[in-house]
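**Q** I'll drop the sequence and a predicted model, then ask my questions.
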Amino acid sequence: GENVEQHPSTLSVQEGDSAVIKCTYSDSASNYFPWYKQELGKGPQLIIDIRSNVGEKKDQRIAVTLNKTAKHFSLHITETQPEDSAVYFCAASIDQTGANNLFFGTGTRLTVIP
Amino acid sequence: SQTIHQWPATLVQPVGSPLSLECTVEGTSNPNLYWYRQAAGRGLQLLFYSVGIGQISSEVPQNLSASRPQDRQFILSSKKLLLSDSGFYLCAWSVLGLGVETQYFGPGTRLLVL
C-alpha cells in the first residue's frame, strides 16, 4: 500500500519568514495530494490540493509543488503569520471507483514566532 | 453549502462501556463517508469508509464497528471500550469531483476511556 513520509515533524519560524514542509510517497499510481491544516482541538481543514497533471499550484501565501518523478511534494507558506501556527498534514491517494482512501503523513507542527 | 456535524464533542467513558458516535452531513447527496482516529500527537488512521447506505468497509480490525443507516448518517460504535480506544475521532465526507474526491472533515469527537 501507499506510504507517506512527512518532514520535519516540528518547525519554528519567525513571523514573516517562509516555511516549507516536505512529503514523499511510495506508490507511483497516486495522483491526488491534498494538504490539511489542523488547529488544536479541531478537525483538519483542507487548505490546498494538487493533482498529478500539474507541477505547482498557488493560493495567495500558500503554494504546493509536485515532483512525480521523485515522488515528492511540498507545501510552501510565505510571509508566515502567527495564525499559521498549527499542525499540517500531507496526504496522497489514488483515484479509484467507489471511495478515495487518503494516506496521511504524520504531521508537522508549525510554530510562527511573533 | 455542505456541512458536517459530529457529536458529542467530548466523551469520557469507563472501560467496558458501549460507544456510539454520530456523524451527519448536510447539503449533499450520496457522499462517501469515513471514520478516522487520531491518537495524541500522531497522524490520522482510517478506520472505516462507506460508499452507500449499509455498505461499510473496514480498514483496521478492532473492537469498533460502523453503520450507515441513512444516506448522510454515519455511526461509529463499540460494545465494550478499551483503554486503547481513547483518541480523537474524525468523520469525513467526499463527493466525486474532477475524477478525484476531496475529503472534508468534521469537528471531531474527543474520547477518553478511563
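**A** Perfect, I can see it now. Just so it is clear, the model here is predicted, and its values are computed rather than measured.

**Q** for residue 104, name its beta-bridge partners.
**A** Using chain A. Applying DSSP bridges to A:Phe104 gives these bridge partners: A:Ala91.

**Q** that was the other one, I meant chain B.
**A** B:Trp93.

**Q** ok, it touching B:Ser1?
**A** No - with contact defined as CB atoms under 8 Å, B:Tyr104 and B:Ser1 do not form a contacting pair (10.7 Å). C-betas here are computed from N, CA, C, even on glycine.

**Q** lowest-pLDDT helix or strand in the chain?
**A** By default, I'm working from chain A. When the helices and strands of chain A are scored by mean pLDDT, DSSP states H and E, strand A:103-104 comes last with a mean of 90.

**Q** wrong one, I was asking about chain B
**A** Ranked by mean pLDDT, DSSP H and E, the weakest helix or strand in chain B is strand B:100-105, scoring a mean of 82.

**Q** what helices or strands is that one leaning on?
**A** Here strand B:100-105 touches strand A:32-38, strand A:45-51, strand B:32-38, strand B:87-97, going by 3 or more CB pairs under 8 Å, 6 or more residues apart in numbering or on different chains; DSSP states H and E.

**Q** contacts for whatever helix or strand comes next after it?
**A** Proceeding C-terminally, strand B:100-105 gives way to strand B:109-113 as the next helix or strand, assigned by DSSP states H and E. With contact meaning CB atoms under 8 Å, 6 or more residues apart in numbering or on different chains, strand B:109-113 is reached by A:41, B:6-15, B:19, B:21, B:81-89.

**Q** follow-up on the earlier one: just checking, what packs against the least confident helix or strand of chain A?
**A** Secondary elements touching strand A:103-104 (3+ CB pairs under 8 Å, 6+ apart): strand A:86-92.

**Q** tabulate the CA atom coordinates of the strand it packs on in CSV.
**A** What follows is strand A:86-92, C-alpha atoms only, in CSV (Å, rounded to 0.1, in the frame of the first residue of the first chain):
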residue,chain,number,x,y,z
ALA,A,86,-1.0,24.6,13.5
VAL,A,87,-0.3,21.0,12.6
TYR,A,88,-0.1,20.4,8.8
PHE,A,89,-0.8,17.1,7.2
CYS,A,90,0.0,16.0,3.7
ALA,A,91,-1.8,13.1,2.1
ALA,A,92,-1.8,11.0,-1.1
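
**Q** ok, now how distant is B:Gln45 from A:Gln45?
**A** Distance, B:Gln45 to A:Gln45, by CB to CB, to the nearest Å: 19 Å.

**Q** whoops, I mixed them up, B:Gly87
**A** As judged by CB to CB, B:Gly87 and A:Gln45 stand 19 Å apart.

**Q** same check on A:Val13?
**A** 20 Å.

**Q** the more surrounded of the two?
**A** Per other CB atoms under 10 Å in any protein chain shown, whichever of A:Val13 and A:Gln45 has more neighbours is A:Val13, with 17 against 13.

**Q** each with direction, which strands does the strand or helix carrying the more buried one pair with?
**A** Element membership for A:Val13 (DSSP H and E) is strand A:10-14. Here strand A:10-14 has these sheet partners by DSSP bridges: strand A:108-113 (parallel).
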